[in-house]
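Colleague: what shape does this take:
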Amino acid sequence: MATSIGNDISNTDPEGERELSQAALSSDLLVCLPPMVRETREHATAAVLAAFPTASLRIAVTELDTLSADPTQSLLVPYEEARNQTGWALHVTDYLAAATVARKYDKQHVLLLGSDAPSELLLQSLARGLTQSHADVVMPRLQTSATDGLVNSALLYPMTRALLGQDIRFPLPHNIGLSRRALERLASEAQREVSAGRSDSLLWPVSVATAAGYSVRQLDSNEHLPVPAVTDFNRLFAEVIGSLLADTEARAINWQRSRYVAPAHSAGEPLATSAQDPDADVVSMVEGFRVAYANLLPIWSLVLPPQSLLALKKLAPVPPQAFLFPPELWARVVYDFALAFHLRTINRNHLLGALTPLYLAWAASHIRCAAGDATEAERLVHATAAAFEAEKPYFVSRWRWPDRFNP
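Modeller: You can find the predicted model right below:
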C-alpha cells in the first residue's frame with residue numbers, strides 16, 4: 001500500500017533534513033542525471049554534492065568528456081549507453097542505462113532524474129524515502145493547478161489507484177528513487193521492450209513494483225509537472241494511454257486480485273457545478289464531443305454497451321454551461337475501452353483515437369466544475385478515482401466474461 005512521507009520537501013529546516021539524509025544513507029548512492037548542456041550539468045552536479053556532502057556516491061552523466069576538470073571529477077561516471085532525451089517522462093532506455101551503472105559500481109540506492117536540474121531537497125527526500133522507509137520505489141507528488149495534468153487526473157491516477165491499490169498521484173515518473181532490486185526488475189522488463197524493437201516505450205514502476213510485491217512510497221514535493229516537448233496532443237495521448245492499457249493487459253492477473261483501502265478524503269461528495277460561463281476551451285471541447293458523437297457513434301457502438309451509449313446520447317445536446325460528464329460514466333467508458341484494447345475489437349490506433357474526444361468531454365466537465373479552484377479540482381479528481389474503484393467489479397466481470405455482452 002502506498003503511503004505519503006510527510007511534507008519532505010517543504011520542511012523549513014534544510015540543515016536538519018541534510019543531517020537526517022546523511023545518517024540514513026547507510027549504503028552507497030548512485031544519482032543518474034539526464035542529458036543536459038554542460039553548464040546545467042555542472043549546476044546539477046553541484047546540487048548533488050551539496051545534498052550529500054559526506055555520502056559515498058557516484059554521479060552518472062552523459063558526455064563525460066565535455067565536463068570541466070575539477071575535484072568532483074572522480075565522482076562522475078559515464079553511462080554505458082545513451083539515455084532517452086524526451087525529458088517529460090522516463091523511458092525504457094533510462095532504466096537500462098541506470099541499471100548498467102548501478103551494477104558496475106555496486107550501488108544499492110539509485111536516484112533516476114528527468115530533464116531539469118534537481119533541487120537539494122528533492123534529492124534528499126528521494127534518498128530518505130529509500131533508506132529510512134526502506135521503500136523500493138519512491139515517487140514525488142507534483143504540484144499542479146486546476147487545469148494541469150488532466151490526462152493524469154482522468155486516467156493514470158484513477159486506474160493506478162483502483163486497479164493496483166496504490167494511491168500514487170503521478171504514476172508516470174519524471175524523477176524517481178529506486179532500490180537496486182526494483183531497478184533490476186524494471187531493467188529486465190525494459191530489456192524485453194528493447195528486444196521487441198520498442199526502445200521508446202514507457203514503463204510503469206508502480207505496476208512493476210506492485211506485481212513484484214515491492215513497497216512503493218509517495219512524498220510531497222514542490223516540483224511541478226514537466227511539459228512534454230511533443231506538441232501533438234493526439235500523438236502524446238495515444239502514446240501514454242496505449243502504454244497504460246498495454247500494461248493493464250499485461251498485469252491482469254495482479255489487478256483482478258488487488259484490494260484498495262481508500263484514504264480519508266471527500267472523494268464521495270457530489271460533483272460541484274459552476275455558475276460561471278464556460279471559457280473558450282470548454283466550449284471547444286464540448287463542441288468537439290458533439291461532432292465526435294455524430295461521426296464516431298458506429299465505432300463507439302463496437303466498444304460500449306447500450307447503457308453507456310444512451311448516456312452519451314443524452315449528454316451530446318447539453319450546452320457547455322451545463323455540461324457534466326458523470327465520473328461513473330467515465331469510469332465505465334474507460335474500462336470498456338481497456339477491454340476493447342485487450343480484445344483488439346478494432347485497430348488499436350483507431351480505438352485510442354475514438355477515446356480522445358470522450359476524454360476531452362471529461363476534461364471539459366472537470367474544468368467547468370472546478371472553475372479555476374485548485375482545491376475543488378483536487379476533490380473532483382478524487383471523486384473520479386472513487387468512481388473507478390466503485391466500477392472495478394464491473395471491469396473485472398467484463399474482463400473475465402467478455403461474451404456476456406456482445407455489441
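Colleague: use CA for all of it now, contacts and neighbours both
Modeller: Noted.
Colleague: all strands of this protein, in order?
Modeller: For the chain, the strands defined by DSSP state E occupy 3-4, 29-32, 57-61, 76-78, 109-112, 137-143, 176-179, 216-224.
Colleague: looking at those strands, spot the one closest to residue 316.
Modeller: strand 137-143 (33.1 Å; CA to CA).
Colleague: and that closest one, what does it pack onto?
Modeller: With contacts taken as 3 or more CA pairs under 8 Å, 6 or more residues apart in numbering; DSSP states H and E, strand 137-143 sits against helix 120-131, strand 176-179, helix 205-212, strand 216-224.
Colleague: any chance of TSV for these, columns mean pLDDT and distance to residue 61?
Modeller: Output for these, formatted as TSV (pLDDT from 0 to 100; distance: least, CA to CA, whole Å):
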stretch	mean pLDDT	distance to residue 61
helix 120-131	91	16
strand 176-179	96	16
helix 205-212	96	22
strand 216-224	88	22
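Colleague: ok, residue 359 - contacts?
Modeller: Applying CA atoms under 8 Å, 6 or more residues apart in numbering to residue 359 gives the contacts residue 154.
Colleague: distance of it relative to residue 139?
Modeller: Remark: distance between residue 359 and residue 139 (CA to CA, to the nearest Å) = 26 Å.
Colleague: and for residue 105?
Modeller: 24 Å.
Colleague: tell me which of the two has more neighbours.
Modeller: residue 139 (28 against 14; other CA atoms under 10 Å).
Colleague: bridging residues for that one?
Modeller: For residue 139, the beta-bridge partners are residue 218 (DSSP bridges).
Colleague: surely it meets residue 219?
Modeller: Yes: using CA atoms under 8 Å, residue 139 is in contact with residue 219, at 6.3 Å.
Colleague: tally of neighbours for residue 351?
Modeller: Count around residue 351 with other CA under 10 Å applied: 21.
Colleague: let me redo that: residue 54
Modeller: 12.
Colleague: and it, what's its pLDDT?
Modeller: The score at residue 54 is 73. That number is its pLDDT.
Colleague: and for residue 269?
Modeller: 44.
Colleague: for residue 260, same thing?
Modeller: At residue 260, pLDDT is 50.
Colleague: next one: the one 4 residues further on
Modeller: The model reports residue 264 with a pLDDT of 42.
Colleague: from residue 307, how far off is residue 55?
Modeller: Distance, residue 55 to residue 307, by CA to CA: 60 Å.
Colleague: of the two, who's got more company?
Modeller: The neighbour comparison of residue 55 against residue 307 (other CA under 10 Å) goes to residue 55, with 17 against 10.
Colleague: that one touches residue 30, doesn't it?
Modeller: No: with contacts defined as CA under 8 Å, residue 55 does not count as touching residue 30, sitting 10.3 Å away.
Colleague: tell me the domain ranges of this structure?
Modeller: Following automatic domain parsing, the chain resolves into domains at 3-231, 280-404.
Colleague: report the central residue of the chain.
Modeller: Centroid-nearest residue in the chain, with CA atoms, centre = their mean: residue 172, separated by 2.3 Å.
Colleague: in contact with it, which residues?
Modeller: 89-90, 156, 203-205.
Colleague: what's the ChimeraX syntax to select whichever of those residues are buried?
Modeller: Here is the ChimeraX command that selects the buried residues among the contacts of residue 172 (16 or more other CA atoms under 10 Å):
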select :89,90,156,203,204,205
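Colleague: low-confidence stretches in the stretch 101-250 of the chain?
Modeller: Applying pLDDT under 70 to the stretch 101-250 of the chain flags the ranges 115.
Colleague: for the stretch 151-300 of the chain, which segments are assigned as helices?
Modeller: 157-164, 180-195, 205-212, 233-250, 252-255, 280-303 (DSSP state H, counting those that start in this stretch).
Colleague: which stretch among those helices comes nearest residue 112?
Modeller: Closest among the helices of the stretch 151-300 of the chain, using CA to CA: helix 180-195, at 9.7 Å.
Colleague: for that closest one, name the packing helices and strands.
Modeller: helix 92-105, strand 109-112, helix 205-212.
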